[in-house]
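Participant: Quick one, structure for this:
(2 chains, ligands or ions: 2)
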Amino acid sequence: MHNIAPHLSIRNLNVWLDAQHVLKDIAADIPRRCITAIVGPSGCGKTTLLRSLNRLVELGPNVRITGKVLFDDTDIYHPGMDVAEVRTRIGLLAQKPFPLPMSIYDNVAYGPRIHGTARTGLDQTVHSCLQAAQLWDEVADRLKAPATELSAGQQQRLCLARALAVKPDILLCDESTSALDPISARGIEDLLLTLKTDYTIVLVTHDLDQARRLADYVIFLWLGEVIEQGPAADLFENPAQDFTRAYLEREIG
Amino acid sequence: MQETYKPTSVLDSFVTVGRSSRRSVPWRWRQWKDVFADHSVRLITTAVSLLALVMGIALLIRAWPILSSRPLGELLFSSTWQPVKGYFGFWPFIMSSILVTLLAMLLAVPCATFSAIYLAEYNHSTRAFFKPVIDMLASIPSVVYGLWGVLFVVPFVRDVAGKWIGETLGAVLPFLANDNPTGYGLLAGGIVLAIMVFPIIVSVTEEVLRSVPQNMREASLALGATHWETTKFVVLRHALPGVIAANVLGFSRAFGETLAVMMVVGNVVQVPHSLFDAAYPLPALIANNYGEMMSIPMYDAALMGAALVLLAVVLVFNVGAQLVLSRLTGRQ
Ligand SMILES: Nc1ncnc2c1ncn2[C@@H]1O[C@H](COP(=O)(O)OP(=O)(O)OP(=O)(O)O)[C@@H](O)[C@H]1O
Ligand SMILES: [Mg+2]
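Facilitator: Residues are numbered from 1 along each chain as shown, chains lettered A, B, ... in the order given. Ligands and ions are numbered 1, 2, ... in the order given. Predicted coordinates:
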């Protein structure tokens, strides 16, 4: 499946945050309709990499970015690019869920309303997205309640529903099951596996078991550099680098 | 070492019963300080609120002679103000105050809100220059604004705005008709007041907008919303209670402003019917007349009554705003 043209192609991407060289010469391909897991120790730049794939990273102060991210062969950092369009087609679930200051319903309806895609059937869209994010049963009777009343885990799923409602081509998930109990987490994992038929998914996770369960392709990041990348089976069973092996084994043991 | 200052849980105190005497001493001292802080904060707050009450009561007592000798309806809604003959109708002053304040807010609020949005959301680089300038504008004494109004705003109203608008639109719309050749009037007062409250509203609104978490903006942008959509639907919505509070502050400031308005508003006792008519707001009435002609019977009580009305309007407005705010924050 990896011989198809990649959906995202990262070329020589460098990111400096406040003069700190956070991402160093990243080169990687994100295969289409696969789950790609980005793994690595805390602080290695996973979130920064994910945020630079839909141009959120540039919102911070004193950010410098060089290199290219090709999305279906067009560079998303090209000056003529419509940033809102890039972010519509490449959705991101932030590491910390942040509900918008409105009701649960309006949170999910936000994307469709902004993009004018759901003049009719908005209720249906909200329903199906909340259902997909395994949240519907918990909020069905209080859709008009402020989203801030939800628990952290519920907020995480609300953000997932909200992102799905925009119907992006690529979904970037930053530790999207970190605040969930094992059963809900498995539910979300199952969802990602079903979504894979339509979406390209990039997943940041600390949970190597989760990466094993879900990933088709793995990128191993260390201090802002890609140490190793490849199909999940190869990387997990037969890491080419001793470094990767050490990381994997330390995690296991 | 940790044991001596760590707050004891119930379980801890059971476990360490044997040496409780040693650790309970610092703990009780801290508790005492906590209680003290609690009470002193409450005491100060109560004292300050009491002060407002005392002011109100003092005004009420001094205004009592006139309040008890005339029906309240006549005092508030009569347009006749002839102290020598014993007619005290506050209506011209109340209307002048309300109209000049409304006009000022109408001019200031949109400009101030958009300026604050620009500074907080759009232009971070020039903020370092504009923010101190605006804060400085907010602290310029009102007499300076008043002088500036006399020197520039009044001539502008007289020679430019009054002439053009009065001759064109004024022929059709009665509230734009101009039969006041001086330039001193509602429009001049409104403009000066608007310029005065503008920096206050900008400054507070900008702080409120900046306190909206960056992650909130990113959540919206990540869904493909544009910068403006994010500002409108997320930032302003989240900050709405604070933005309203900023405008209430501006309103109260404008409604009570005395000197700057007094210098340009004309001070003619009448209910203004046109933008260019002279007006006579409540604060100007009190400041202009208190201490003079005090031998006229009931004059002192009438001015106290005017002050009471002023206090009541600001109070009612603030309470109303508070209710709106609590409903808003309750809903979010
Ligand atoms: N605004 C910033 N200014 C300077 N350095 C930053 C900034 N944000 C992040 N960094 C640094 O960039 C590096 C990468 O951060 P990033 O959040 O991408 O790590 P991560 O791999 O996602 O970590 P985690 O697994 O803990 O979420 C860290 O060393 C961090 O200290
Ligand atoms: Mg992270």
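Participant: show me where pLDDT drops low in chain B?
Facilitator: B:1-26, B:330-332 (pLDDT under 70).
Participant: Contacts only, for the closest residue to chain A within it.
Facilitator: Of all residues in chain B, residue B:224 sits closest to chain A, at 2.9 Å by CB to the nearest CB. From N, CA and C alone the C-beta is placed, and that goes for glycine too. The neighbourhood of residue B:224, defined by CB atoms under 8 Å, 6 or more residues apart in numbering or on different chains, consists of A:84, A:85, A:87, A:88, A:89, A:91, A:111, A:114, A:115, A:166, A:168.
Participant: Helix, strand or coil: sort out it for me.
Facilitator: Here residue B:224 is coil, with the state taken from DSSP: H, G, I helix; E, B strand; the rest coil.
Participant: Residue A:227 now?
Facilitator: Here residue A:227 is recorded as strand under three-state DSSP.
Participant: Excluding chain neighbours, give the residue nearest to it in space.
Facilitator: Sequence neighbours aside, residue A:220 is the residue nearest to residue A:227 in space, at 4.9 Å (criterion: CB to CB, 6 or more residues apart in numbering or on different chains).
Participant: Beta-bridge partners for the one you found, please?
Facilitator: Per DSSP bridges, the residues bridged to residue A:220 are residue A:39, residue A:228.
Participant: my read: it touches residue A:40, true?
Facilitator: Yes: in this structure residue A:220 lies within contact range of residue A:40 using CB atoms under 8 Å: 5.9 Å.
Participant: list the residues that contact both of the two?
Facilitator: A:227, A:247.
Participant: picking up where we left off before, now, which of the contacts of residue B:224 lie within helices?
Facilitator: Assigned to helices by DSSP state H, the following of the contacts of residue B:224 qualify: A:84, A:85, A:87, A:88, A:89, A:111, A:114, A:115.
Participant: My guess is the third one contacts residue B:221. True?
Facilitator: By that I understand residue A:87. Yes: contact criterion CB under 8 Å: residue A:87 and residue B:221 qualify, at 6.1 Å.
Participant: Common neighbours of these two, please.
Facilitator: Common neighbours of residue A:87 and residue B:221 (CB under 8 Å, 6+ apart) are residue A:56.
Participant: how about residue B:270, what does it touch?
Facilitator: By CB under 8 Å, 6+ apart, the contact set of residue B:270 is B:79, B:92, B:277, B:278, B:279, B:280.
Participant: Provide a list of residues in contact with the residue nearest to the first one when sequence neighbours are not counted.
Facilitator: Counting by CB to CB, 6+ apart, the nearest residue to residue B:79 once its immediate chain neighbours are dropped is residue B:91, at 4.7 Å. By CB under 8 Å, 6+ apart, the contact list for residue B:91 reads B:76, B:77, B:78, B:79, B:271.
Participant: now do 10 Å
Facilitator: By CB atoms under 10 Å, 6 or more residues apart in numbering or on different chains, the contact list for residue B:91 reads B:74, B:75, B:76, B:77, B:78, B:79, B:80, B:81, B:269, B:271.
Participant: Tally up the residues packed near residue A:204, please.
Facilitator: Using other CB atoms under 10 Å in any protein chain shown, residue A:204 has 24 neighbouring residues.
Participant: That one: what's it in contact with?
Facilitator: Listed by CB under 10 Å, 6+ apart, the contact partners of residue A:204 are A:36-40, A:46-47, A:49-50, A:93, A:95, A:172-176, A:178, A:211, A:219, A:221.
Participant: next one: residue A:100
Facilitator: Contacts for residue A:100 (CB under 10 Å, 6+ apart) come out as A:106-108, A:110, A:147-148, A:158-159, A:162, B:216, B:219-220, B:223, B:225, B:230, B:233-234, B:237-238.
Participant: Residue A:183 and ligand 2: what is the separation?
Facilitator: From residue A:183 across to ligand 2, the span is 24 Å (CB to the ion, to the nearest Å).
Participant: in what helix or strand does that residue lie?
Facilitator: If you go by DSSP states H and E, residue A:183 is part of helix A:182-195.
Participant: picking up where we left off before, could you give me the PyMOL syntax to select whichever of the contacts of residue A:204 are buried?
Facilitator: Buried residues within the contacts of residue A:204, by 16 or more other CB atoms under 10 Å in any protein chain shown, are selected in PyMOL with:
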select buried, chain A and resi 36+37+38+39+40+46+47+49+50+93+95+172+173+174+175+176+178+211+219+221
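Participant: Among the contacts of residue A:204, which ones are in strands?
Facilitator: Of the contacts of residue A:204, the ones assigned to strands by DSSP state E are A:36, A:37, A:38, A:39, A:93, A:172, A:173, A:174, A:219, A:221.
Participant: And these, which is closest to residue A:195?
Facilitator: residue A:173 (10.1 Å; CB to CB).
Participant: Any idea what the closest one is bridged to?
Facilitator: According to DSSP bridges, beta-bridge pairing links residue A:173 with residue A:93, residue A:203.
Participant: do you know how far the nearest residue to residue A:159 once chain neighbours are set aside is from residue A:162?
Facilitator: Once flanking residues are discounted, residue A:159 sits nearest to residue A:97: 4.4 Å by CB to CB, 6+ apart. Computed as CB to CB, to the nearest Å, the residue A:97 to residue A:162 distance reads 9 Å.
Participant: any residues in contact with both of those two?
Facilitator: Counting by CB under 10 Å, 6+ apart, the common neighbours of residue A:97 and residue A:162 are A:147, B:219.
Participant: can you pull out the strands in the stretch 1-150 of chain A?
Facilitator: Applying DSSP state E, counting those that start in this stretch to the stretch 1-150 of chain A gives strands spanning A:8-17, A:20-30, A:35-39, A:63-71, A:74-75, A:90-93.
Participant: Point out the other helices and strands that the first one packs with.
Facilitator: When you say that, I think you mean strand A:8-17. When contacts are defined as 3 or more CB pairs under 10 Å, 6 or more residues apart in numbering or on different chains; DSSP states H and E, strand A:8-17 sits against strand A:20-30, helix A:46-52, strand A:63-71.
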